[in-house]
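**Q** requesting a structural model of the entry that follows:
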Amino acid sequence: MTEIFITLGVLFFVALVLVVWLVKIYNRLVMLRNRFKNAFAQIDVQLKRRYDLIPNLVETAKGYLKHERETLEAVIASRNQAAKLEGLAAADPGNAGAMQNLMGAEGALSGAMGRLMMVMEAYPDLKADTQMMAVMEELTSTENKISFARQAYNDSVTLYNTNCQTFPNALIAGPCNFTQAQLFEVTESEEREVVKVSF
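**A** Residues are numbered from 1 along each chain as shown. Reported below is the predicted structural model:
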């Protein structure tokens, strides 16, 4: 009879250790998922700041770039599309489709901004405008903050994805719906070009 109690005690202890171990894995995955969502929230703040600065830039440039209406309209249209898709991605940063759409819109916006910067180079009076210089300085600062925030987000996503894919965590991640998160990557060659916003 004592052997049965010892056997049951050992089995209970093993089961308890197993449950504690599984809970620990689950809690770590939750923590890592929350960390990458918070990291995206930092990108979200900076993207919104940039989206707010772009209309100021366009308004300041309008007086000088009367013949470049198409370029200005492309920047505003790209900005509006990126802001819309950014809201969808911010609602669920773990949604790979929303992140892909945001990355595409950000690429289009970067391309439109690059074209605007090239056009603005031909207008020396615009370069000397104090309001334009102030907006450009803010935009440059924001672009740097976006880069840092994107790096922090990608680091968090990589750590989360690695934890979801490695054994034994994968045994918990799959059944508990811990899906892979999407990196915020620059994929197009046009997007890889740095938007020069200095005068």
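
**Q** start to end distance for stretch 113-126?
**A** End-to-end span of stretch 113-126 (CA to CA, to the nearest Å): 16 Å.

**Q** list the buried residues of it.
**A** 113-117, 119-120, 126 (16 or more other CB atoms under 10 Å). C-beta here means a position set from N, CA and C on the backbone, and glycine is covered the same way.

**Q** from the residues you listed, which shows the smallest pLDDT?
**A** Within the buried residues of stretch 113-126, residue 126 has the lowest pLDDT, namely 78.

**Q** on contacts alone, who are the packing partners of whichever strand or helix holds residue 44?
**A** Following DSSP states H and E, one finds residue 44 within helix 2-62. Applying 3 or more CB pairs under 8 Å, 6 or more residues apart in numbering; DSSP states H and E, we find helix 2-62 packed against helix 69-91, helix 96-120, helix 130-165, helix 169-173.

**Q** run through who's touching the last one.
**A** Counting contacts by CB atoms under 8 Å, 6 or more residues apart in numbering, the residues outside helix 169-173 that touch it are 22, 25-26, 28-29, 163-165, 178.

**Q** which stretches of this structure have low pLDDT?
**A** 186-199 (pLDDT under 70).

**Q** distance of residue 28 from residue 183?
**A** Between residue 28 and residue 183 the computed distance is 20 Å (CB to CB, to the nearest Å).

**Q** with residue 163 instead?
**A** Counting by CB to CB - residue 163 and residue 183 are separated by 15 Å.

**Q** who has more neighbours out of those two?
**A** Looking at residue 163 and residue 183 with other CB atoms under 10 Å, you find the greater number of neighbours at residue 163, namely 19 against 16.

**Q** contacting residues for the more buried one?
**A** Counting by CB under 8 Å, 6+ apart, residue 163 makes contact with 28-29, 32, 169, 173.

**Q** what's the answer for residue 56, then?
**A** residue 135.

**Q** please apply the same query to residue 176.
**A** By CB under 8 Å, 6+ apart, the contact set of residue 176 is 26, 29.

**Q** in three-state terms, label it for me.
**A** Going by DSSP: H, G, I helix; E, B strand; the rest coil, the secondary structure assigned to residue 176 is coil.

**Q** ditto for residue 122
**A** Note that with three-state DSSP, the state of residue 122 is coil.

**Q** tell me the spacing between it and residue 177.
**A** 54 Å.

**Q** distance of the closest residue to residue 150 other than its chain neighbours from residue 146?
**A** Closest residue to residue 150 apart from its sequence neighbours, by CB to CB, 6 or more residues apart in numbering: residue 184 at 5.0 Å. Separation of residue 184 from residue 146 (CB to CB): 10 Å.

**Q** which residues are common contacts for these two?
**A** Joint contacts of residue 184 and residue 146 (CB under 8 Å, 6+ apart) are residue 43.

**Q** which of the contacts of helix 169-173 count as buried?
**A** The neighbour count (16+ other CB under 10 Å) marks 25, 29, 163-164, 178 as buried among the contacts of helix 169-173.
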